[in-house]
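In: quick one, structure for this:
(one chain, ligands or ions: 1)
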Amino acid sequence: MTDAAAALKATEFPFQSFRRALRHWYRDHGRHLPWRAAEDPYRVWISEIMLQQTTVTAVVPYFERFLKRFPDLTTLAAADESEVLRLWEGLGYYSRARNIHKTARVLVAQHEAQFPRDLAALQMLPGIGRYTAGAIASFAFGLRAPILEANTLRLYARLIGYRDDPRTTIGQRRLWEFAEQVLPARDIGPFNQALMDLGATVCTPERPACETCPVRTCCVAYSLNLQDEIPQRARRPEITLVTEYAVAVSCGQQYLLRKRQHGERWAGLWDFVRFSPPESHEDSTDESWMSTEAARRTGLALKSLNPLLTFKHSVTRYQITLRCFHATVVKAKRVSTDSEVWVSPEQFGDLPLSNPARKIARHLQQMKATPVRVAESLRDSIPVTE
Ligand code: SF4
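Out: Here you go, the predicted model:
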């Protein structure tokens with residue numbers, strides 16, 4: 001018998017007592033979250049998209065700022081994508097923000113600024129998958145829609161003792177099936193929220209609070225003492241170390257920023273001139289090569305190139321050491337276009353920047369505020385091959 005087959009069959013699960021215990025627990029222990037104040041599909045949608053890959057604590061201030069600026073679909077649809085990205089800056093996974101903006105425009109143009117009250121129609125919208133559609137449909141409209149996200153995946157897998165990988169097609173099918181079966185006949189929204197809250201606060205990834213868990217009598221993992229083995233852990237991808245370069249090119253008091261293009265990392269955000277070395281220079285400390293490359297990529301005659309700062313940051317499985325430099329141009333025609341702008345440090349705050357670019361921007365702003373540090377920072381200049 002496989003592990004999957006050994007998991008509890010649907011007919012053996014004590015649904016009635018589970019629902020009763022969960023409802024009772026939720027009355028006293030449910031989380032008070034700002035997006036739950038009203039059964040508003042717009043608030044549910046924004047919060048659920050923000051919560052993907054992000055913790056509740058990190059999301060709350062972003063959610064409040066976003067709702068203050070864009071209180072409804074119409075204001076969001078009317079905004080520039082750049083402003084939406086600026087408010088999203090720091091949350092990461094920027095395709096979420098771009099999709100939110102696209103969806104707002106679709107809903108205003110084609111659905112009279114209303115969310116469809118239908119699971120299939122919701123899933124046709126950019127960035128809305130089965131889980132988010134289920135959350136909007138059940139939390140805001142009370143429709144009978146199941147949910148399965150990180151917290152409920154872990155909870156369901158433990159409840160039914162599902163020992164195989166829950167991320168496979170078979171695993172997903174089994175857990176979605178359970179998510180449907182566990183739903184009560186009424187009050188679907190609060191019930192789904194209770195499931196998520198139990199997963200987030202009691203049935204936690206590490207050291208779940210089984211001794212005080214309201215549904216432990218229904219739980220296969222608890223009865224077999226398997227809560228540390230279930231769910232099967234996802235294999236972590238190996239970390240790859242890479243070096244990249246960023247160059248803050250200035251002309252007078254202004255710096256050159258480029259818009260990241262569709263298909264690039266951080267598409268739609270602005271960045272300093274940034275590039276990866278080819279394989280032959282991957283581990284190189286050859287700064288003269290880097291200087292030549294910076295001049296070639298900008299098409300500008302660069303007068304000098306000076307170390308600015310070096311720091312590490314991570315993007316998916318890459319740990320990037322970013323070596324940042326400052327370069328001044330000999331002469332440049334400063335023409336701003338849709339994809340290139342020359343801005344002063346005071347204007348950095350007006351544009352959405354990638355996290356590393358924001359770090360460089362803050363450094364430049366500080367240097368401007370304390371000119372002594374500029375002189376110190378620029379002491380070791382590197383000659384540039386034009
Ligand atoms: S008994 Fe433990 S493993 Fe089972 S649902 Fe409760 S917290 Fe999770």
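
In: go through this protein and flag its longest strand.
Out: Ranked by number of residues, the top strand in the chain under DSSP state E is strand 302-315.

In: mind giving me the packing neighbours of it?
Out: strand 240-251, helix 287-298, strand 318-329, helix 355-369, helix 371-377 (3 or more Cβ pairs under 8 Å, 6 or more residues apart in numbering; DSSP states H and E). The way it works is simple: take the backbone N, C-alpha and C, and place the C-beta from them, glycine included.

In: what mean pLDDT does it get?
Out: Average pLDDT, strand 302-315: 90.

In: buried residues in that strand?
Out: 302, 304-309 (16 or more other Cβ atoms under 10 Å).

In: residues of the stretch 151-300 of the chain that sit close to the ligand?
Out: 155, 158-159, 202-203, 208-210, 213, 215-216, 219, 221-222, 227 (Cβ under 6 Å from any ligand atom).

In: most surrounded residue in those residues?
Out: In terms of neighbour count, residue 155 stands highest of these at 29 neighbours, by other Cβ atoms under 10 Å.

In: circling back: need the helices and strands packed on strand 302-315 in JSON lines with mean pLDDT and mean neighbour count, can you?
Out: Compiled in JSON lines, those are given as follows (pLDDT from 0 to 100; neighbours: other Cβ atoms under 10 Å):
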{"stretch": "strand 240-251", "mean pLDDT": "92", "mean neighbour count": "19"}
{"stretch": "helix 287-298", "mean pLDDT": "80", "mean neighbour count": "17"}
{"stretch": "strand 318-329", "mean pLDDT": "92", "mean neighbour count": "19"}
{"stretch": "helix 355-369", "mean pLDDT": "93", "mean neighbour count": "18"}
{"stretch": "helix 371-377", "mean pLDDT": "49", "mean neighbour count": "12"}
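
In: residue 94 is nearest to which of the ones you listed?
Out: Checking those against residue 94 by Cβ to Cβ gives helix 355-369 as the closest, at 10.5 Å.

In: report the angle between the axes of that closest one and strand 302-315?
Out: 130 degrees (axes from the mean of the first three to the mean of the last three Cα atoms, to 10 degrees).

In: what does helix 355-369 rub up against?
Out: Outside helix 355-369, the residues that touch it by Cβ atoms under 8 Å, 6 or more residues apart in numbering are 89-90, 92, 246, 248, 255, 257, 269-272, 274, 308-309, 311, 313, 320, 322, 324, 326, 345-346, 348, 353, 373-374, 377.

In: export the helices and strands packed on strand 302-315 to a markdown table and tack on distance to residue 102?
Out: Conversion of the helices and strands packed on strand 302-315 to a markdown table gives the following (distance: least, Cβ to Cβ, whole Å):
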| stretch | distance to residue 102 |
| --- | --- |
| strand 240-251 | 29 |
| helix 287-298 | 31 |
| strand 318-329 | 27 |
| helix 355-369 | 23 |
| helix 371-377 | 41 |
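
In: what's the closest of these to residue 131?
Out: Of all those, it is helix 355-369 that lies closest to residue 131, at 26.1 Å by Cβ to Cβ.

In: so is stretch 20-33 next to the ligand?
Out: No. Stretch 20-33 is not in contact with the ligand by Cβ under 6 Å from any ligand atom; minimum separation 10.0 Å.
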